[in-house]
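# structure for this input, please:
(one chain, ligands or ions: 1)
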Amino acid sequence: MNKKLRDALNDQINKEFYSAYLYLSMAAYCDSMLFSGFAHWLKVQFHEEWAHGMKLYDFLVGRGEKVILKAIDQPPIKFTSSLGLFEQVYRHEQKVTGMIKRLGVISDEVGDSEAAVFLRWFVKEQVEEEENATRIIAGFKSGKSGSESVAAMDRKLARRKGPG
Ligand code: FEO
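The predicted structure is shown next:
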C-alpha cells in the first residue's frame, strides 16, 4: 500500500477511537446530570466509533499493513447543555465526514481502488451519523418548553438499540 494512504488510514483509526472517547466523555457528563437516556445513546455511539476504528484496523491487517496506534487526545469533560452537547456531536460528525472524504481523495490519488471501495461504507455511515444528530437537535427544538422537551428527549434516546 502507498505510504501516504497507509499513514492516513492509521491516523483515522486514532480519530475514530478519539470519537469513541469523546462520546464516552459526553455519556459520563450526562450520567452525572442524571440524563440516563442521553448517556445510553452516547454509549451506543461509543461502541459504534470503536467498531469504526476496528474496521480500519482489520482492513490494514487484511492488506498486510502495520497498524500503528497513537496516543488518544483527552476529550472535553464539560458541556454547556444537552442541546449544546448534541450540537457538538453534529459538528464533530461533520468534521469526521471531511476526514473520510479526504481519505477517499488520497485513495484515488494513489490509485488504490480496493481502499476506495472500502471507504464507501464510511461515506454512507457518515450520512447516517449526521442525520441522527440533526434529528436529535430538531427534536430538542420542537418541544413545548425547555425542561419538558429535554426530559422527553432523554426518554426517547433511552430507546436506542445497540450495545451500551
Ligand atoms: Fe466514526 Fe461518527 O464517525
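# does the ligand have contacts with the helix or strand containing Glu93?
Here Glu93 sits within helix 82-109, counting by DSSP states H and E. Yes - against the ligand, helix 82-109 shows contacts by Cβ under 6 Å from any ligand atom at Glu93, Val96. C-beta here means a position set from N, CA and C on the backbone, and glycine is covered the same way.
# after that helix, which helix or strand is next?
Next element after helix 82-109 (DSSP H and E): helix 113-142.
# now for that next one, which elements pack on it?
Helices and strands touching helix 113-142, by 3 or more Cβ pairs under 8 Å, 6 or more residues apart in numbering; DSSP states H and E, are helix 36-62, helix 82-109, helix 146-157.
# circling back: and the helix holding Glu93, what does it pack onto?
Counting by 3+ Cβ pairs under 8 Å, 6+ apart, helix 82-109 packs on helix 3-32, helix 36-62, helix 113-142, helix 146-157.
# how close does the residue in the chain that the ligand sits nearest to get to Asn14?
For the chain, the residue closest to the ligand is His52, as judged by Cβ to the nearest ligand atom, at 3.8 Å. Going from His52 to Asn14 by Cβ to Cβ, to the nearest Å gives 12 Å.
# same question for Gly162.
Applying Cβ to Cβ to Gly162 and Asn14 gives a distance of 23 Å.
# please identify which of those two sits among more neighbours.
Neighbour totals were compared for Gly162 and Asn14, and Asn14 leads with 17 against 12 (other Cβ atoms under 10 Å).
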